[in-house]
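[1] heads up, no residue letters with this:
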Ligand code: AVI
């Protein structure tokens, strides 16, 4: 049986991460990069979010694949090589990537996530299910730059980016990432999930659920920072805020201070007034036309899309 290979291409030192977080806390307004949501607890909370009735993106994307999987696979095959290399961005437990194997019969599966160690368990299990498949786990923080050695991906690869994570990039950064993805496919294709604009009540409920799971996910960022940077955030003095900013077409998540308070950490401090916020995440919502245009701008040709009956979510295939 072949063995999965693991490769760590980038890992920020704790010092660099702490410096980045401190700079965000001192900003006006204060902000924190959303990647700090995902410590072990935050990753479990995110998994719980995807099961919530209010959080429609995960099940809606799955429904589109269930209804249109054959047509989507045909569109992918028309651009990629036979038995393509699949590059799965933000692969996590690799379940979505593995679901493509029966239809696309890849010769290699490259799972990319922030840490190669996170991928090890999922890839070991995948290898048992697919003993001859070439499996590779790559640790890379592609939020700053997406670049893999071309010998890993070969020509006419499929870049797979599900889950509407592209929405967590502002439009300029999304364009930059898609350009890098275009380069990486080397004449192949992109398969990507995108959350679409819809009514404000549906959007805001998805990011402020009745059980408070998204609130816990947002507040957990402060616990992570207490460990990472040594801040003394008291979570009882902060509340979760999620709102749809129509002008920017994005859900914004913030943490709002209940009261005037100081937050201190080794080498820094900041006073927060009552009602002052820390901006923790944007989740952009696209229109079908807007995202097709973005794909074209990034160099992709003839984007095609499939949606659910309510038109809440889009799955796009575009050739390079
Ligand atoms: C990972 N990403 C696509 C999620 C989103 O919907 O923007 C993160 C999330 N934040 C709150 N709920 C889910």
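    Yep, that arrived. Being a predicted model, the structure only gives us computed values, none of them experimental.
[2] For whichever residue of the stretch 151-300 of the chain sits closest to the ligand, the count of nearby residues, please.
    Nearest to the ligand, among the residues of the stretch 151-300 of the chain, is residue 283, at 3.3 Å (CB to the nearest ligand atom). All C-beta spots, glycine's among them, are computed from the backbone N, C-alpha and C. Residues near residue 283, counting by other CB atoms under 10 Å, number 21.
[3] Which helix or strand contains it?
    strand 277-284 (DSSP states H and E).
[4] Same question for residue 296.
    helix 288-297.
[5] Between strand 277-284 and that helix, find me the angle.
    80 degrees (axes from the mean of the first three to the mean of the last three CA atoms, to 10 degrees).
[6] What is the strand holding residue 283 packed up against?
    strand 30-31, helix 213-228, strand 250-257 (3 or more CB pairs under 8 Å, 6 or more residues apart in numbering; DSSP states H and E).
[7] Throw those into TSV and include mean pLDDT, thanks.
    Shown next, in TSV, are the helices and strands packed on strand 277-284 (pLDDT from 0 to 100):
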stretch	mean pLDDT
strand 30-31	98
helix 213-228	97
strand 250-257	98
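[8] quick one: which of those is nearest residue 60?
    strand 250-257 (15.5 Å; CB to CB).
[9] Just the buried residues of the closest one, please?
    Neighbour-count burial for strand 250-257 flags 250, 251, 252, 253, 254, 255, 257 (criterion: 16 or more other CB atoms under 10 Å).
[10] Which of the three states applies to residue 263?
    Classification of residue 263 into helix, strand or coil gives strand, according to DSSP: H, G, I helix; E, B strand; the rest coil.
[11] what does residue 146 give?
    The three-state label given to residue 146 by three-state DSSP is coil.
[12] In space, what's closest to it - neighbours in sequence excluded?
    Counting by CB to CB, 6 or more residues apart in numbering, the nearest residue to residue 146 once its immediate chain neighbours are dropped is residue 180, at 4.0 Å.
[13] Tell me which helix or strand the one you found sits in.
    Taking DSSP H and E as the criterion, residue 180 maps to helix 171-185.
[14] Dump the buried residues of strand 250-257 to a markdown table, plus distance to the ligand.
    Output for those, formatted as a markdown table (distance: CB to the nearest ligand atom, whole Å):
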| residue | distance to the ligand |
| --- | --- |
| 250 | 9 |
| 251 | 7 |
| 252 | 11 |
| 253 | 6 |
| 254 | 12 |
| 255 | 13 |
| 257 | 20 |
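[15] Looks like residue 29 contacts residue 279 (just checking).
    Yes. Residue 29 is within contact range of residue 279, at 5.9 Å (criterion: CB atoms under 8 Å).
[16] out of those two, which sits in the busier spot?
    residue 279 (17 against 10).
[17] That one contacts residue 250, correct?
    No. Here residue 279 lies out of contact with residue 250, judged by CB under 8 Å, at a distance of 11.0 Å.
[18] Give me the number of neighbouring residues for residue 246.
    11.
[19] same check, this time on residue 312
    Neighbour number of residue 312 under other CB under 10 Å is 22.
[20] repeat for residue 315
    If you count neighbours by other CB under 10 Å, residue 315 ends up with 23.
[21] just residue 161 next, same as before
    Residue 161: 23 neighbours (other CB under 10 Å).
[22] Repeat that for residue 86.
    Number of residues near residue 86 (other CB under 10 Å) recorded here: 25.
[23] do the same with residue 191
    Using other CB under 10 Å, residue 191 has 24 other residues around it.
[24] now swap in residue 232 and tell me
    Close neighbours of residue 232, defined as other CB under 10 Å, add up to 13.
[25] Quick check: chain neighbours aside, which residue is closest to the residue nearest the centre of the chain?
    The residue lying closest to the centre of the chain (CA atoms, centre = their mean) is residue 165, at 3.2 Å. Excluding its sequence neighbours, the residue lying closest to residue 165 (CB to CB, 6+ apart) is residue 90, at 5.4 Å.
[26] Give me every residue in this protein lying close to the ligand.
    Neighbours of the ligand within the chain, by CB under 6 Å from any ligand atom: 49, 57, 163, 164, 165, 167, 168, 207, 214, 281, 283.
[27] Of the residues you listed, which belong to strands?
    Among the residues of the chain next to the ligand, the ones falling in strands (DSSP state E) are 281, 283.
[28] How about the contacts made by residue 193?
    Applying CB atoms under 8 Å, 6 or more residues apart in numbering, one finds that residue 193 lies in contact with 57, 61, 64, 161, 162, 163, 164, 313, 314, 315, 316.
[29] Throw these into CSV and include distance to residue 185, thanks.
    Output for the contacts of residue 193, formatted as CSV (distance: CB to CB, whole Å):
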residue, distance to residue 185
57, 24
61, 21
64, 21
161, 11
162, 16
163, 19
164, 20
313, 23
314, 19
315, 17
316, 13
